[in-house]
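Undergrad: below are the sequence and a predicted model; questions follow.
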Amino acid sequence: MSKSLPLSSVWFLAFLSGLYFVNAWQMELFAAAFLILVLFACFALSRDAVEGWSVPKAPVVALIGALWLLMFLSILWSGVPYVSLIGFCLSSILPLTFFTFVLSGREEDYKFVFRAVAVVLAGLALWALVQYYALNDLFDGQAKHPLANPNSLAALFNLGFFPALGVMLSTKDKRVSTGALIFALLMFAGMTATTSRAAVLFCAVTFVLFIALNPSVVKAHWKCLGILILECVGLYFATALGERHDTQLVERMATFVNSAGDAYTITGNRNNLWAGVWALIQDHWVAGTGIGTFFLYYPSYRIPQEVTGAYLAHSDPMQYWSELGLAGLVLFYAVGIAILIRTVRAVSKIESGDVRRIQMLSIVAAIFVTILHTHFTFNLYVVPVQFVLGFLLALWLKETQSVLNTPERVYAFPDKIPHNYRAGFFIIPLVMLGALFASFMASEHFIKKAKEAAYENDMPAFTKYVNLADELSFGTNYRAYLMAVTVPISILEVNGHMMSDEEKQKVYAQAVSFLDSAERLNPVNPAVPYYRGYVQDFVEADIVPEGTKPQEEYYTESLAMNPLHVGARMALLKIYRDKNDMARFEETLKSGLDWKYQSAQAQELFLEAQRYYILTHQFDNFVGTQKKMDALLDRLKAAAEKRSLPLSQQMFGDE
């Protein structure tokens, strides 16, 4: 690679892919981001395969490695290993970035990435301002594109704000200092455009701590700091110019306490969300459910008051505990403590006012604010945040090592191993992981294609894509079996009246076989018991094997796994209506109306409720149901227009 385009440009390409500029392609872009990162790691690490790699003997390095290893091991006990392997690859972006730069990063790599990421963040901040001030209503009053969540975009801006602050206060070049000041203001402006209260609050807290630890910079740079503070205050109040009053940052801050009563926002419902998460943790506190599987297990623990339909814990320490067990929580905080201790040791050896102290603390501030923020969101499950955070951690270790000169451990191959073979010892595992991941993501791609073929009623294409999805996942993708089961069910539904009992029995057995496979691969998916009940609609009672549960039990089981499963709820309503059990009918109906659905199928539930309320003369409830259905239609329209569903929801959304 030439100096103008160092090897780290490959990492930068992976980072760009992870920004999901086209939200409808999140799955494909995520796959590209991880595979390009693996490619970068292979090339970068191979540069030092002959002489070996030196790593500072720092506890933080061992702890990050231990946490990464735990993520991998959790695949072994995960109830859904297919999802956990994909989740492991997602969570590997930070440690793989960190270790690759620590082991084989060159000075030109650090410089290129630092500058290139800054350019991208500046562009994102300008685009965030356009979203908020020019396209406010289109983006629901909060800048978030290209990401799906405004908090995630705000986290990226925090990661850019503090390093810029460090450059502003440490350089003697006035032009560079002015440029860094403008960049920092741009980061804060972008942050306010997201209207993320937690990001702005933690930014302010961290800024105060940063200044307190660098008192000498106040005298030396009081003009720049004064301009920065005044402009940031102005940018904060400027958010009052946003079209939507309810999403203005000033308004959201002012109603911070009152927002707890807004049940339809994550912010106002976080305590209820965490109550369900805590119940999940209590059942899996030792080893966890497996990395990446929180969204599969949480629905069955969701309490009735939590109506947002959340699929992430909105607290990474809690989600780590639920997925990785107690060891995951301990290692998370151990990494943070190790960073703090090493930073204190390094800073204590540098005089106040030394530019190295300012630069080091600015990087630590960016890491610190992200850790604080992630207690209330899911930064460590956001691809671009992991990229930048992993890089900054490596840069921080490099800066502290230049001060502490910690003894280094050298990892090298024995002399008897030929030079040409040495790179293969680590390239082969990375390539194997990348190949398996690519195959699994291709399986997900064909699941997506199968859905499209089903909507177009193209059965040959549907069958082909489902088979490809199954083959590419080596028979581990439970969704392939859930899609396959629709074929025998459709045969029974459409042609059952023309089939003999023997033919029906064979087709029914095939449907059950598919469901058995799906349940083996994912024992907590609500679609499995739902289909077990649904298929009984199309066969006579004597065809159903003895000992099979009645439909009502299957549908109840499905709702217990996920109370947002509309199909199971509608099926139960039909059973209770046919039995004339109106008490249970009304109970089942009302308990399903307050959830924040993301599926168009929920319209059926609201229409059913309206019919019932008309017949029973409950006109106030009729009007309330209409408002809920209107809100659902608005969400569906927004999702269709912006395609801004988060990655996990796009890949593993409602079955």
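TA: Yep, that arrived. Residues are numbered from 1 along each chain as shown.
Undergrad: could you use CA atoms for every contact and neighbour count after this?
TA: Noted.
Undergrad: give the contact list for the closest residue to Leu19 other than its chain neighbours.
TA: Excluding the flanking residues, the one nearest Leu19 by C-alpha to C-alpha, 6 or more residues apart in numbering is Pro384, at 5.8 Å. By C-alpha atoms under 8 Å, 6 or more residues apart in numbering, the contact set of Pro384 is 15, 18-19, 156.
Undergrad: residue closest to the middle of the chain?
TA: In the chain, the residue lying closest to the centroid (C-alpha atoms, centre = their mean) is Tyr381, at 4.0 Å.
Undergrad: quick one, what contacts that residue?
TA: Counting by C-alpha under 8 Å, 6+ apart, Tyr381 has contacts 90-91.
Undergrad: if you set the cut-off to 7 Å instead, what comes out?
TA: Ser91 (C-alpha atoms under 7 Å, 6 or more residues apart in numbering).
Undergrad: how close does it get to Leu124?
TA: From Tyr381 over to Leu124 the distance is 20 Å, taken as C-alpha to C-alpha, to the nearest Å.
Undergrad: same question, Arg532
TA: 48 Å.
Undergrad: neighbour count added to the contacts of Pro384, as a markdown table?
TA: Output for the contacts of Pro384, formatted as a markdown table (neighbours: other C-alpha atoms under 10 Å):
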| residue | neighbour count |
| --- | --- |
| Phe15 | 27 |
| Gly18 | 26 |
| Leu19 | 22 |
| Leu156 | 26 |
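Undergrad: re earlier: quick one: the residue nearest to Leu19 and Trp68, what's the gap?
TA: Following C-alpha to C-alpha, the distance that separates Pro384 from Trp68 is 18 Å.
Undergrad: and Val205, by the same measure?
TA: With C-alpha to C-alpha as the criterion, Val205 and Trp68 are 30 Å apart.
Undergrad: those two: who's more crowded?
TA: Trp68 (19 against 11; other C-alpha atoms under 10 Å).
Undergrad: which residues are in contact with the more buried one?
TA: Contacts for Trp68 (C-alpha under 7 Å, 6+ apart) come out as Pro95.
Undergrad: what do you get if the cut-off is 8 Å, keeping everything else the same?
TA: Contacts for Trp68 (C-alpha under 8 Å, 6+ apart) come out as 92, 95.
Undergrad: break down the stretch 401-550 of the chain into its helices, ranges please.
TA: Taking DSSP state H, counting those that start in this stretch as the test, the helices found in the stretch 401-550 of the chain are 419-422, 424-455, 459-472, 478-484, 486-495, 501-521, 527-534.
Undergrad: tally of neighbours for Leu85?
TA: 25.
Undergrad: sorry, slip of the keys, the one I care about is Leu147.
TA: Based on other C-alpha under 10 Å, the number of other residues close to Leu147 is 24.
Undergrad: ditto for Pro150
TA: 20.
Undergrad: ok, it to Leu185 distance?
TA: Where Leu185 is concerned, Pro150 sits at a distance of 18 Å (C-alpha to C-alpha).
Undergrad: before we move on, what about Phe391?
TA: 22 Å.
Undergrad: list phi and psi for the residue located most distally from the centre of the chain.
TA: When each C-alpha in the chain is compared with the mean C-alpha position (C-alpha atoms, centre = their mean), Ser500 comes out farthest, at 49.0 Å. Dihedral pair for Ser500: phi -80, psi 170, per degrees, to the nearest 10.
Undergrad: next one: Val22
TA: phi -110, psi 100.
Undergrad: any idea how far it is from Leu147?
TA: 9 Å.
Undergrad: what of Val335?
TA: 27 Å.
Undergrad: from what I can see Val369 touches Leu156, true?
TA: No - using C-alpha atoms under 8 Å, Val369 is not in contact with Leu156, being 10.8 Å away.
Undergrad: for Ala583, see how far away Pro317 is.
TA: Distance from Pro317 to Ala583, by C-alpha to C-alpha: 42 Å.
Undergrad: looking at those two, which one has more neighbours?
TA: Pro317 (23 against 11).
Undergrad: got the contact list for the more buried one?
TA: Counted by C-alpha under 8 Å, 6+ apart, Pro317 has contacts 329, 332, 374-375.
Undergrad: thought Phe12 was touching Val113, still the case?
TA: Yes - in this structure, Val113 is within contact of Phe12 by C-alpha under 8 Å, at 6.7 Å.
Undergrad: next one, pLDDT for Lys637 please.
TA: With respect to pLDDT, Lys637 scores 76.
Undergrad: same question for the one 10 residues further on.
TA: Taken from the predicted model, the pLDDT recorded for Leu647 is 52.
Undergrad: before we move on, what about Gln601?
TA: Looking at Gln601, the pLDDT reads 87.
Undergrad: also Leu73?
TA: 98.
Undergrad: and it, how far from Leu85?
TA: Distance from Leu73 to Leu85, by C-alpha to C-alpha: 10 Å.
Undergrad: in the chain, which spans are strands?
TA: If DSSP state E is used as the criterion, the strands of the chain fall at 53-56, 408-411.
Undergrad: tell me how far the first one lies from the chain's centre.
TA: If I follow you right, that is strand 53-56. Relative to its chain's centre, strand 53-56 lies at 31 Å (C-alpha atoms, centre = their mean, to the nearest Å).
Undergrad: same question, the last one
TA: Between the mean C-alpha point of strand 408-411 and the mean C-alpha point of its chain there is a distance of 34 Å (C-alpha atoms, centre = their mean).
Undergrad: that one pairs with which strands?
TA: Strand 408-411 pairs in its sheet with strand 53-56 (antiparallel), by DSSP bridges.
Undergrad: who's in contact with the strand it pairs with?
TA: 102-104, 401, 406-412.
Undergrad: export it as PDB, just CAs?
TA: In PDB, the C-alpha atoms belonging to strand 53-56 read as follows (Å, rounded to 0.1, in the frame of the first residue of the first chain):
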ATOM      1  CA  TRP A  53       3.700  -9.300  17.700                       C
ATOM      2  CA  SER A  54       4.300  -7.200  20.800                       C
ATOM      3  CA  VAL A  55       1.500  -6.500  23.200                       C
ATOM      4  CA  PRO A  56       1.800  -4.400  26.400                       C
END
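Undergrad: low-confidence ranges, the stretch 451-600 of the chain, go.
TA: For the stretch 451-600 of the chain, no stretch is flagged by pLDDT under 70.
Undergrad: leaving out chain neighbours, which residue sits closest to Ile339?
TA: Spatially, and ignoring its direct neighbours in sequence, Ile339 is nearest to Val60 (6.4 Å; C-alpha to C-alpha, 6+ apart).
Undergrad: by mean pLDDT, flag the weakest helix or strand of the protein.
TA: Least confident helix or strand of the chain, by mean pLDDT, DSSP states H and E, is helix 647-652 with a mean of 52.
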